[in-house]
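[1] This is a predicted model, with the sequence first.
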Amino acid sequence: MKLNNPLEVATITTNILAHYVYQAISDLDNEDLIEYDNVDSIKDYLDSSIDSLGTDSFYSSVLNSFYGMNHDYGHDYFDTEEELKEYVLKANLYLIHDSLAVDDVSDEYDACEQALEMLEADRNDNDE
């Protein structure tokens, strides 16, 4: 007998995290946006949300901002809850509601550099 809910597995890459950070900073008011002009300030921004890092809501927000709310990540099926949890543990995944496993392979510093490049491109476009 298989478990009723299949396990979806989503990966958070550096590009996905960069997109999330860029979107979050871009949504700030212009006067707040100005202070994010180097990688360290962007990394500080990411670190300031450290309480939410590694939580269900953080991972869900990152994935939803990149893929959208109804994205299908692909499914794995397990016969028992123990098999599912063993798989998640061995693969070093983060499990959300026993139905979505998140593999965070992102490089935070590199994501901040990419976010800075996108912010600078926006600034250059606005200057023209």
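    Structure's in. What do you need?
[2] Contacts only, for Y73.
    For Y73, the contact set (Cβ atoms under 8 Å, 6 or more residues apart in numbering) comprises E8, V9, A10, Y67, L100. Yep, even glycine has a C-beta here, placed from its N, CA and C like the rest.
[3] quick one: it and E117, what's the gap?
    When distance is defined by Cβ to Cβ, to the nearest Å, Y73 is 27 Å away from E117.
[4] cool, Y22 as well?
    When distances are taken as Cβ to Cβ, Y22 and E117 turn out to be 9 Å apart.
[5] So those two - more neighbours on which side?
    Ranked by neighbour count (other Cβ atoms under 10 Å), Y22 and E117 place Y22 first, with 23 against 13.
[6] can you count the residues close to I42?
    For I42, the neighbour count with other Cβ under 10 Å is 26.
[7] Thought I25 was touching it, still the case?
    Yes. With contact defined as Cβ atoms under 8 Å, I42 counts as touching I25 (6.8 Å).
[8] shared neighbours, the two?
    In the contact map built from Cβ under 8 Å, 6+ apart, the residues linked to both I42 and I25 are Y36, A115, L119.
[9] Please tell me how far the helix or strand of the chain with the lowest mean pLDDT is from the chain's geometric centre.
    Scoring the helices and strands of the chain by mean pLDDT, DSSP states H and E places helix 30-33 at the bottom, with a mean of 76. A distance of 23 Å separates the centroid of the chain from that of helix 30-33, by Cα atoms, centre = their mean, to the nearest Å.
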